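A.B. asks: sharing a model prediction with you, sequence too.
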Amino acid sequence: MEKSTFEEFIEKNGSLVYTNVGVSMMPLLREHRDLIIISKVNGRLKKYDVPLYKRDSGQYVLHRILKVRGHDYVICGDNCYNREYGITDSHIIGVLTAFVRDGKEISVDNKLYKLYVHLWCDFFPVRYIILRTRSIIKRFLKNAENKRK
């Protein structure tokens, strides 16, 4: 079977169904359990869209748009607190249109999905505190465990 890049596959087929890899979009997307449906982009993306993009390093990333600026986007994973700047339309390969959890397809137009997005993104400072605190506690516990060994 011939290998192709995500870009080639989406260009040829219009969409891509793929298993989620990574934890940056938790709790929305669970690693190796949920399927993501990525479709071809038509025009400029909007706040809250979840693009699949390719960093200059060649790494593929699926994160949410927090802000649309003149020529780029401010993007961050749902399970992250560091924002990424400078992602332009030329980096973007496709956009999340739905995901499959436990056999059920959930569209990004779903009312519960939209509620989640607004609660999680509109209160970014609260999310920052929650995720940062969790990170500090994990680091503290890991250091304490290493000292006991």
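C.D. replies: Nice, thanks for sending it over. Every value quoted in this text rests on a predicted model; they were computed, and no experiment measured them.
A.B. asks: and Ile136, what helix or strand is that in?
C.D. replies: Using DSSP states H and E, Ile136 falls within helix 124-148.
A.B. asks: that helix: which residues count as buried?
C.D. replies: In terms of neighbour count (16 or more other Cβ atoms under 10 Å), helix 124-148 has its buried residues at Arg127, Leu131. Just so you know, the C-beta spots here come from the backbone N, C-alpha and C atoms, and that holds for glycine as well.
A.B. asks: list the contacts of the helix or strand of the chain with the lowest mean pLDDT.
C.D. replies: Of all helical and strand segments in the chain, the minimum by mean pLDDT, DSSP states H and E falls on helix 124-148, at a mean of 85. Counting by Cβ atoms under 8 Å, 6 or more residues apart in numbering, helix 124-148 makes contact with Leu66, Cys76, Asn79, Cys80, Tyr81, Trp120, Cys121, all of which sit outside it.
A.B. asks: now with 7 Å?
C.D. replies: For helix 124-148, the external contacting residues (Cβ atoms under 7 Å, 6 or more residues apart in numbering) are Leu66, Asn79, Tyr81, Trp120.
A.B. asks: tell me which two of those sit farthest apart.
C.D. replies: For the contacts of helix 124-148, with distances taken as Cβ to Cβ, the pair at the greatest spread is Leu66 and Asn79 (13.8 Å).
A.B. asks: paired strands for the lengthiest strand in the chain, with orientation please.
C.D. replies: Once the chain is assigned using DSSP state E, the strand that runs over the most residues is strand 92-101. Strand 92-101 has the following strand partners under DSSP bridges: strand 35-39 (antiparallel), strand 51-54 (antiparallel), strand 104-107 (antiparallel).
A.B. asks: may I have it as CSV, with CA atoms only?
C.D. replies: Extracted as CSV, the C-alpha positions of strand 92-101 are listed here (Å, rounded to 0.1, in the frame of the first residue of the first chain):
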residue,chain,number,x,y,z
ILE,A,92,-3.4,24.2,8.2
ILE,A,93,-4.3,20.9,6.5
GLY,A,94,-7.8,20.4,7.6
VAL,A,95,-10.4,21.0,10.4
LEU,A,96,-12.1,18.8,12.9
THR,A,97,-15.8,18.3,11.8
ALA,A,98,-16.7,15.4,14.1
PHE,A,99,-15.2,12.7,16.4
VAL,A,100,-16.3,9.2,17.3
ARG,A,101,-16.5,8.3,21.0
